[in-house]
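>>> model the following, please.
(one chain, ligands or ions: 2)
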Amino acid sequence: MTLQQIKKDKRINAFIDHTNDYLKAMGYTDHGHRHLNIVSQRAKKVARHMKLNANDQELASIAGYCHDMGNFMGRTQHHYWAGLLFSQCYLNEAKPDDVATVMKAIVSHDKDDLKIVDKITACLIIADKSDVHRTRVLNKGMKAIKEDIHDRVNYAVTDNKLSIDDQKKTITLALRLDTKFTDIMDYFSIFVARMNYCQKAADYLKYEFKLKINNTMLA
Ligand SMILES: [Fe+2]
Ligand SMILES: [Fe+2]
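Ligands and ions are numbered 1, 2, ... in the order given. Okay, the predicted model is just below:
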């Protein structure tokens, strides 16, 4: 089972397209190919730094690509739907152990169900929760963007870099925030939970999570 194979899978892509349409209709930020490719690449990058073996790195990237594809069946339980859809596609086509590993990471990535019991899950959580950027805001006009705090904060972030220092054991998310659109308090009011998830995941990996906004180290 490889990421390349998953990306070409018509079933997976149909779930992603439906999720994109569903969440766009509900006014959410991007959870489609843009978000999934970034999360997939980042999860693999973190996994590589954590020295996971090649198969586990691939599984982290697959979990990243598939983690949000269940949203079209309902936002609240989207992580369960995504895990189950994944198993329906791959249980008979890949090693059951690999399928279960990906399912577990997907199901564990969201809020109250966020549980970190393995490194692949931790890599996915850091990759997912760190994706805040202007390009996540779907085109709906400046007035609407300013009225929605999620849109406003995402729109304000013009640069986002995740870097990992294996010597110092730090994972740093560096953001450039355009304060014309939001202020740091706005950012924190919605992102504090996400940054906590990143911190918990980094702790699990025995790294320190750091947040830098406009060149100021905040945590
Ligand atoms: Fe999600
Ligand atoms: Fe996500």
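>>> in the longest helix belonging to the chain, what's buried?
What stands out as the longest helix in the chain, according to DSSP state H, is helix 184-204. Under the neighbour-count criterion of 16 or more other Cβ atoms under 10 Å, helix 184-204 has 184, 186-187, 191, 194-195, 197-202, 204 buried. Every C-beta, even on glycine, is put in place using the N, C-alpha and C of the backbone.
>>> what's the first helix or strand after that helix?
Next helix or strand after helix 184-204 toward the C-terminus (DSSP states H and E): strand 208-213.
>>> same for that following strand, what does it pack against?
strand 170-177, helix 184-204 (3 or more Cβ pairs under 8 Å, 6 or more residues apart in numbering; DSSP states H and E).
>>> let's verify the residue nearest the centre of the chain: helix, strand, or coil?
Closest to where the C-alpha atoms of the chain average out (Cα atoms, centre = their mean) is residue 128, at 1.4 Å. Counting by DSSP: H, G, I helix; E, B strand; the rest coil, the backbone at residue 128 sits in helix.
>>> separation between the closest residue to it other than its chain neighbours and ligand 2?
Distance criterion Cβ to Cβ, 6 or more residues apart in numbering; nearest residue to residue 128, sequence neighbours excluded, is residue 39 at 5.1 Å. In this view, residue 39 and ligand 2 are 6 Å apart by Cβ to the ion, to the nearest Å.
>>> ok, now which ones touch residue 39?
The contact partners of residue 39, taken as Cβ atoms under 8 Å, 6 or more residues apart in numbering, are 64, 65, 67, 124, 127, 128, 131.
>>> C-terminal to the helix or strand hosting it, what's the next element?
Residue 39 is located in helix 33-49, with elements delineated by DSSP H and E. Next helix or strand after helix 33-49 toward the C-terminus (DSSP H and E): helix 54-66.
>>> counting by contacts, list what that following helix packs against.
helix 3-7, helix 33-49, helix 78-90, helix 96-107, helix 119-129.
>>> report the buried residues of the second one.
Yep, that's helix 33-49 we're talking about. Quick answer for helix 33-49 (16+ other Cβ under 10 Å): 34-36, 38-49.
>>> same thing with the shortest one?
Residues of helix 3-7 classed as buried by neighbour count (16+ other Cβ under 10 Å): 3, 6, 7.
>>> what do you get for stretch 168-184?
Buried residues in stretch 168-184 (16+ other Cβ under 10 Å): 171, 172, 173, 174, 175, 176, 177, 181, 182, 184.
>>> which pair in the residues you listed spans the largest distance?
The largest distance within the buried residues of stretch 168-184, taken as Cβ to Cβ, falls between 171 and 181 and amounts to 26.1 Å.
>>> quick one: closest of the helices and strands packed on helix 54-66 to residue 139.
Nearest to residue 139 among the helices and strands packed on helix 54-66 is helix 33-49; the distance by Cβ to Cβ comes to 12.6 Å.
>>> okay, that closest one in CSV with CA atoms only?
Output in CSV follows, covering the C-alpha atoms of helix 33-49 (Å, rounded to 0.1, in the frame of the first residue of the first chain):
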residue,chain,number,x,y,z
HIS,A,33,-6.7,18.1,-1.8
ARG,A,34,-4.7,21.2,-0.7
HIS,A,35,-5.1,20.4,3.0
LEU,A,36,-4.6,16.7,2.5
ASN,A,37,-1.5,17.0,0.5
ILE,A,38,0.1,19.3,3.0
VAL,A,39,-0.9,17.1,5.9
SER,A,40,0.3,14.0,4.1
GLN,A,41,3.7,15.6,3.3
ARG,A,42,4.1,17.0,6.8
ALA,A,43,3.2,13.8,8.5
LYS,A,44,5.8,12.0,6.5
LYS,A,45,8.4,14.7,7.2
VAL,A,46,7.8,14.4,11.0
ALA,A,47,7.9,10.6,10.7
ARG,A,48,11.2,10.8,8.9
HIS,A,49,12.7,13.0,11.6
